[in-house]
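Participant: Below: sequence and its predicted model.
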Amino acid sequence: MGLKKKSYVFLFLFLIVGYLGFLGYALAQDIPGEMGSYEIRSNVENASVYFDGKFVGNIQKGSLLVPAEISNRPVHHQLMIQAPGYTTYNETIVQAPKPGKSNIIRGTLTVLPPAKTGTLSLAVSPPGGEVYVDGVFSGKVDQSGIHVLRDIDSGYRNILIKTPGYVDWYERVYVETNMNTKIRATLTPITTGSLAVSSVPSSAEILLNGNPVGITPLTIPDLPAGPVQIRLTLPGYQDWSGETSIIIGQTVPVSATLQPIVVQTPEPQNITSSETPNETPTPAPTQSTLPLGVVLGALAIMAFYGKKR
């Protein structure tokens, strides 16, 4: 009986030690679902708070509570607090809150110095154009011809005025702080047009009114208004000729397809004749006639030998 009791005691102690070990392990790990929070405090009421790049709310009565999961490991969160007219506060958070607790983080914003601005008054002739400041549209010039830009940042500003039928007016002007800078802009009317010439194939020489001006494709600017003669030449292709009219303020397109020069190879001529050419007759073999003296001599020899016999 004593041995059985000892066994129960040993088993009970084993279970207690195992439970404590498991509890210690669980406490050492992140337990999903358990939450804490960050209490974000700032000196600027209604400042916007961003947590890991996401908007999470505004500062109300000096603070904002942001829920967060707990962790026994270091964390990495980006905190940003913004408000108009103030510097931006940034901080990297590396410590997670404890379960049911809040980590207090204070973000102090500093007031920005007042912006230095001035006034720019444009006297534009003719009126009606569009005005751009540093590439941003700022309105159209009314019929008075006066265009006033108030509270514009002081310093150098790029001013562009675009009016149909006139050359774009551009100038880099300096706006004085707390002063009215006055600029007069007189636009120049456009009296020329452009010609955009292309060809298939390309690299053809362009002649305008007989004068070479370049190689296709080419846009030819500053041409006086009126008709113009165009000729395109390219080795191996037939010349192309055409006529168009230059329109003030516009780019007139001209496109040409060049035709290749086809070289015909002469075909060999067959000689045919109804007359049969004269053939040279082949002479027939003839028997040569022995001279009479030779024959008589032979007969005399034969008679002489016949008498001796």
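Facilitator: Here it is on my side, so go on.

Participant: got a pLDDT number for the closest residue in space to Ile93 that isn't next to it in sequence?
Facilitator: Spatial nearest neighbour of Ile93, excluding adjacent residues (CB to CB, 6 or more residues apart in numbering): His77 at 4.1 Å. (Glycine included, C-beta is placed from N, CA and C.) pLDDT, His77: 93.

Participant: Enumerate every residue touching His77.
Facilitator: His77 makes contact with Phe51, Asp52, Ala68, Thr92, Ile93, according to CB atoms under 8 Å, 6 or more residues apart in numbering.

Participant: Among those residues, the buried ones, what's the PyMOL command?
Facilitator: Buried subset of these, written as a PyMOL selection, criterion 16 or more other CB atoms under 10 Å:
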select buried, resi 51+68+93
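
Participant: Save the contacts of His77 as JSON lines, and put in distance to Phe137 too.
Facilitator: Shown next, in JSON lines, are those (distance: CB to CB, whole Å):
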{"residue": "Phe51", "distance to Phe137": "36"}
{"residue": "Asp52", "distance to Phe137": "36"}
{"residue": "Ala68", "distance to Phe137": "45"}
{"residue": "Thr92", "distance to Phe137": "40"}
{"residue": "Ile93", "distance to Phe137": "42"}
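
Participant: Quick check: the farthest pair among the contacts of His77?
Facilitator: Longest distance between any two of these is 14.2 Å, between Ala68 and Thr92; criterion CB to CB.

Participant: what pLDDT does Phe51 get?
Facilitator: Looking at Phe51, its pLDDT is 95.

Participant: which one is it nearest to, not counting chain neighbours?
Facilitator: In this structure, Phe51 finds its nearest non-sequential neighbour in Val66, 5.6 Å apart by CB to CB, 6+ apart.

Participant: For the one you found, name its beta-bridge partners.
Facilitator: Going by DSSP bridges, Val66 is paired in beta bridges with Tyr38.

Participant: list the contacts for it?
Facilitator: Contacts of Val66 (CB under 8 Å, 6+ apart): Ser37, Tyr38, Glu39, Ile40, Val49, Phe51, Val56, Gly57.

Participant: sorry, back to before: possible to save the contacts of His77 as JSON lines with secondary structure?
Facilitator: Formatted as JSON lines, the contacts of His77 follow (DSSP: H, G, I helix; E, B strand; the rest coil):
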{"residue": "Phe51", "secondary structure": "strand"}
{"residue": "Asp52", "secondary structure": "coil"}
{"residue": "Ala68", "secondary structure": "strand"}
{"residue": "Thr92", "secondary structure": "strand"}
{"residue": "Ile93", "secondary structure": "strand"}
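
Participant: Quickly name whichever of the contacts of His77 is closest to Ile261.
Facilitator: For the contacts of His77, the nearest to Ile261 is Asp52 (71.7 Å; CB to CB).

Participant: Would you quantify the distance from the closest one to Gly242?
Facilitator: To Gly242, Asp52 is 65 Å away according to CB to CB, to the nearest Å.

Participant: What of Ser71?
Facilitator: Ser71 is 78 Å from Gly242, by CB to CB.

Participant: Quick check on these two: which one has the bigger neighbour count.
Facilitator: Neighbours were counted for Ser71 and for Gly242 using other CB atoms under 10 Å; Ser71 has more, 16 against 13.

Participant: out of everything not next to it in sequence, what's closest to that one?
Facilitator: Closest residue to Ser71 apart from its sequence neighbours, by CB to CB, 6+ apart: Ala96 at 4.0 Å.

Participant: same thing with Pro189?
Facilitator: Tyr166 is the one closest to Pro189 (CB to CB, 6+ apart), at 5.5 Å.

Participant: swap in Ser48?
Facilitator: Nearest to Ser48 is Gln82, by CB to CB, 6+ apart, at 4.9 Å.

Participant: Identify the residues contacting Ala196.
Facilitator: Per CB under 8 Å, 6+ apart, neighbours of Ala196: Pro217, Leu218, Thr219, Ile220, Thr251, Val252, Pro253, Val254.

Participant: so Val197 makes contact with Pro217?
Facilitator: Yes. Using CB atoms under 8 Å, Val197 is in contact with Pro217, at 6.8 Å.
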